[in-house]
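Peer 1: what would the 3D arrangement of this be:
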Amino acid sequence: MILLLSCCCLLNTACGYLTKNDQQLVYARPAYGTDRFIRIQGYNIHYVETGTATGQQETMLLIPGAFSTYRSWNRMIPLLAKHYRILAIDYLGAGDSDKPASGFAYKIEEQADVIAQMMQQAGIPKAHIVGVSYGGLIALNLATRYPHRATSVVCIEGGVVKPDKLPHYYARKVLGWPLVGDLFVSAIRSGLFDTATTKAVMGEAWKDMSRKERQELIHIFAQNNKTASRRAWYLISQTLENSKDFVEEIKTLKTPVLYLYGEKSELRAMAEMNVRFFRTYLPEVEIVSFKDGIHDLELQKPREVANLILKFLGQGGNEIITSKHKDAAATPSPIAVP
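Peer 2: Numbering: from 1, shown residues only. Predicted coordinates for the structure are as follows:
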């Protein structure tokens, strides 16, 4: 009986997310900036805006990775907002944005279409597009199919070349089973596994982090997990198989691209496949690897990544590197950052 009641409570938690957020509610106030909503294709899209919109200041869009929210950028937002108007987006299926139960498959090209329309409706002619993993793939797709919208692209471990296999196969499969998947997501949303999830994602980087950094990251993951949706997570996990291939189209891309990846990333093999592709077909792409970097560099090395982005965009960036981070953020080379 206790087990049955526990399962019922967990299922109730799993079904508690907002499929349609017409009231434009937010789970929690942002650490930086102001909550905003915009309605695109009948969907409510949530984003956080910060930075000074002077009319001369350029706009930068931040797109999080799979199973994340805009909060994944919290460690970088204050560093970039000094130079740009920042819009940190919850794409459809994430955070406080709608999580369509039907009619939207969370494919890369669908997400890119929504963001391009968002830019048009918000009066943003062009922007720097920064994305990590799933978000990086959206950024590259948007720049390829809407070149007039992208001033530049920064892609952290996203890519257009698909590997034969991806890690976490069984976890992705579980998400496809309605009852079992709902229990899995409800357990994630309950907060019981926030620390374990954070440690798993941060991998080898965890041992080198201070207590303060660990608490900050656990808080980010806890807030990300609270708005999880089984269907959205499942379809996002299938995105490489289900999204339209744009390998040929991207070969004509003229937009400046900075590509970052970690040599300790569990997806290093996929990242290096894309590095080889870029070097062959898009040799102008700037490529930087971090020798001790994991997949989520925006969480592990926010100052170093922000510094590279600002240098790439001609904004200098050295002023955000303190003596504590100086060695880790050495002068970037096209091969590696120690």
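
Peer 1: any weak-confidence spans in the stretch 151-300 of the chain?
Peer 2: The stretch 151-300 of the chain contains residues with pLDDT under 70 at 166-170.

Peer 1: can you rerun that using 90?
Peer 2: The model of the stretch 151-300 of the chain has pLDDT under 90 over residues 159, 162-179, 239-242.

Peer 1: repeat for the stretch 1-150 of the chain
Peer 2: 1-19, 27, 51-57.

Peer 1: the helices in it, which residues?
Peer 2: Counting by DSSP state H, counting those that start in this stretch, the stretch 1-150 of the chain has helices at residues 2-14, 77-80, 108-121, 134-145.

Peer 1: all helices for the stretch 151-300 of the chain, in order.
Peer 2: 169-175, 178-189, 194-202, 211-226, 230-237, 239-242, 247-250, 268-281, 297-300.

Peer 1: give me whichever of these is most buried.
Peer 2: helix 297-300 (a mean of 27; mean count of other CB atoms under 10 Å). For glycine as for every other residue, the C-beta is placed from the backbone atoms N, C-alpha and C.

Peer 1: name the helices or strands packed onto the helix or strand that that helix is followed by?
Peer 2: Proceeding C-terminally, helix 297-300 gives way to helix 302-312 as the next helix or strand, assigned by DSSP states H and E. Applying 3 or more CB pairs under 8 Å, 6 or more residues apart in numbering; DSSP states H and E, one finds that helix 302-312 contacts helix 77-80, strand 150-156, strand 257-262, strand 286-290, helix 297-300.

Peer 1: mind listing what's buried in helix 302-312?
Peer 2: Using 16 or more other CB atoms under 10 Å as the test for burial, helix 302-312 gives 302, 303, 304, 305, 306, 307, 308, 309, 310, 311, 312.

Peer 1: run the chain-centre distance for that helix.
Peer 2: 16 Å (CA atoms, centre = their mean, to the nearest Å).

Peer 1: could I get that helix in CSV with only the CA atoms?
Peer 2: This file holds the C-alpha atoms of helix 302-312, laid out as CSV (Å, rounded to 0.1, in the frame of the first residue of the first chain):
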residue,chain,number,x,y,z
PRO,A,302,31.9,30.0,-17.4
ARG,A,303,34.7,32.6,-17.2
GLU,A,304,36.9,30.9,-19.7
VAL,A,305,34.0,30.4,-22.2
ALA,A,306,32.8,33.9,-21.8
ASN,A,307,36.3,35.2,-22.4
LEU,A,308,36.6,33.2,-25.6
ILE,A,309,33.2,34.4,-26.8
LEU,A,310,34.0,38.0,-26.2
LYS,A,311,37.4,37.7,-27.9
PHE,A,312,35.7,35.9,-30.9
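
Peer 1: what sits against residue 105?
Peer 2: 235, 242 (CB atoms under 8 Å, 6 or more residues apart in numbering).

Peer 1: repeat that for 6 Å
Peer 2: Contact partners of residue 105, counting by CB atoms under 6 Å, 6 or more residues apart in numbering, are residue 235.

Peer 1: quick check: it vs residue 111, distance?
Peer 2: 10 Å (CB to CB, to the nearest Å).

Peer 1: same question for residue 74.
Peer 2: 21 Å.

Peer 1: looking at these two, which is more packed in?
Peer 2: Neighbour tally, residue 74 and residue 111, criterion other CB atoms under 10 Å: the higher count belongs to residue 111, 29 against 22.

Peer 1: what's in contact with stretch 252-259?
Peer 2: 143, 144, 150, 152, 153, 154, 155, 285, 286, 287, 312.

Peer 1: hmm, residue 248 and the second one touching each other?
Peer 2: Meaning residue 144. No - shown here, residue 144 and residue 248 do not form a contact pair, counting by CB atoms under 6 Å, at 10.0 Å.

Peer 1: perfect, I'm done here.
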